[in-house]
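Student: A predicted structure for the sequence below; I have some questions about it.
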Amino acid sequence: MEKVLVIILTLSLATFARAQTFCEWQGKTNYFGAFPSSNTDITTGWVSYAPFSDEFNSFDSNKWEKKNSHCHSMSSYAFFSSSSNNVFIQSGKLVLKAKQESTPTECCLWGDPDLCSDYYYSSGYVVSKNPIRYGYIEIKCYLPSNIALDPCFWMYGMQGSFPPDPNYRYDEIDVFEKKLPPNHSNYVLMQNFYHNIHDDGSSGTVSKLTQNVEFTTPFVGQWVTFAVEWLPEEINFFTNGHLTKAVKFADENSGQVNPNSDFTCTNFLDAIGQKFQISLSVNSLISTYTDVSQGFEIDYVRSYKLEEGFNYEYWPSSFSMTDPNIFKVHKNIRLGGTGKTAVIPQDENITIWATDGIILDKGFTVSGNTTFTARNIATTNLFTY
């Protein structure tokens, strides 16, 4: 195969006062094709981040909280319970399971007594106890085949209290969510981003970037790895390692951004830290599709951070995959040049990171079947020291 060279330059841009709705996109559809069955590894540079990773050999109550006696608008027919029938560890996996109850349980949305309903099903929902801010985050999970069950892995952070609190702001990333009724489908996922930190609430604006990913083959009843690469000015969604959507920041002064593009005027430089949310909802199709024997199984949640490099130009004598400094985020990095070599090996997915600049000098060569990416990042907020 031919070698691939990708250069990505992410420029430092100023934060603006409020979101601008004319450069958002909502309800977009990405016609992806067949659901990707093979998994592609993440690019180099990302280092495992243990505080937000879990292999689920046991339930770690220092990392996770079980939602109990909790109802949410995403689950129209089940409340969330901490019962061992709904949330448990089995064979090294976290299992969330729905259960039909013999008697109904009343639950009120947002604690509002005017929004109470009787729920005949319970289900499982866990939340991380601490928030994360930026990084590469992935989940490997089994999706139950019953279309009345909606597994979801999402992240949410807020400041202030819920409306009508004028100080309420929130950020949310839906790493994956099954398409809900009435357009429920085993072929459509939702991958979304909500970011209203710039909105003052006076105009009702919310930076809502929503996308349907439509496949030609179903994805339920199988193990899938979903991931999000959350950078200060760019968010990338992945399914089994394949890019399904990129969201990138464009200068707010650049004029209207085509809603069908990958760009938005919403930047993510001051995003709120978000807690992981793993949930299994029950939707209105449960009256027809009653089998809840399959659960939402999670093999692992893994998180990665970048490492800070040198606050000057790093210029190695040669390129080596085992060089511990090659994939750190330096102020500048140079590959190749007088008296030095930079032969990039074949069959790799390589990313080089810097805050200010990357120089590919004389002698820089990319071998066959390798993807090489050079990326500038405008902030150090995502680094682990």
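Tutor: Now that the structure is in, tell me what you want to look at. Numbering: from 1, shown residues only.

Student: so where's this protein shaky on pLDDT?
Tutor: 1-24, 163-164, 196-207, 251-259, 266-267, 379-385 (pLDDT under 70).

Student: cutoff 50 now
Tutor: Applying pLDDT under 50 to the chain flags residues 1-21, 201-204, 385.

Student: Report the separation between the residue with the largest distance to the centre of it and Gly309.
Tutor: The C-alpha centroid of the chain is most remote from Gly339, which lies 42.1 Å away (Cα atoms, centre = their mean). Distance, Gly339 to Gly309, using Cβ to Cβ, to the nearest Å: 22 Å. Every C-beta, even on glycine, is put in place using the N, C-alpha and C of the backbone.

Student: Same question for Ala342.
Tutor: From Ala342 over to Gly309 (counting by Cβ to Cβ), the distance is 17 Å.

Student: what does Pro316 give?
Tutor: 11 Å.

Student: Also Val127?
Tutor: 34 Å.

Student: okay, the two: which has more neighbours?
Tutor: Gly309 (21 against 17; other Cβ atoms under 10 Å).

Student: Could you verify my assumption that the more buried one touches Asn332?
Tutor: No. Contact criterion Cβ atoms under 8 Å: Gly309 and Asn332 do not qualify, at 9.6 Å.

Student: can you give me the strands in the stretch 151-300 of the chain?
Tutor: Using DSSP state E, counting those that start in this stretch, the strands of the stretch 151-300 of the chain run over 169-178, 188-195, 207-209, 211-215, 223-231, 234-239, 242-249, 263-264, 275-282, 296-307.

Student: in the first one, what counts as buried?
Tutor: Residues Arg169, Tyr170, Asp171, Glu172, Ile173, Asp174, Val175, Phe176, Glu177, Lys178 are the ones in strand 169-178 that count as buried (16 or more other Cβ atoms under 10 Å).

Student: Export that strand to CSV, keeping only CA atoms.
Tutor: Extracted in CSV, the C-alpha atoms of strand 169-178 (Å, rounded to 0.1, in the frame of the first residue of the first chain):
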residue,chain,number,x,y,z
ARG,A,169,-23.5,25.6,32.6
TYR,A,170,-22.8,22.2,31.3
ASP,A,171,-20.7,20.1,29.0
GLU,A,172,-21.6,16.7,27.6
ILE,A,173,-20.0,14.2,25.2
ASP,A,174,-22.0,11.2,24.0
VAL,A,175,-19.3,8.7,23.1
PHE,A,176,-22.1,6.5,21.8
GLU,A,177,-25.8,6.2,22.2
LYS,A,178,-28.3,4.0,20.3
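
Student: for it, packing partners?
Tutor: strand 149-159, strand 188-195, strand 223-231, strand 234-239 (3 or more Cβ pairs under 8 Å, 6 or more residues apart in numbering; DSSP states H and E).

Student: what's the closest of those to Ser293?
Tutor: For these, proximity to Ser293 was assessed by Cβ to Cβ; strand 149-159 is nearest, at 10.2 Å.

Student: what pairs with the closest one, and is each one parallel or antiparallel?
Tutor: According to DSSP bridges, strand 149-159 forms sheet pairs with strand 169-178 (antiparallel), strand 275-282 (antiparallel).

Student: Please report how far the most centrally placed residue in the chain lies from Ile235.
Tutor: Centroid check for the chain by Cα atoms, centre = their mean gives Val228 as the closest residue, at 3.1 Å. Here Val228 is placed at a distance of 6 Å from Ile235 (Cβ to Cβ).
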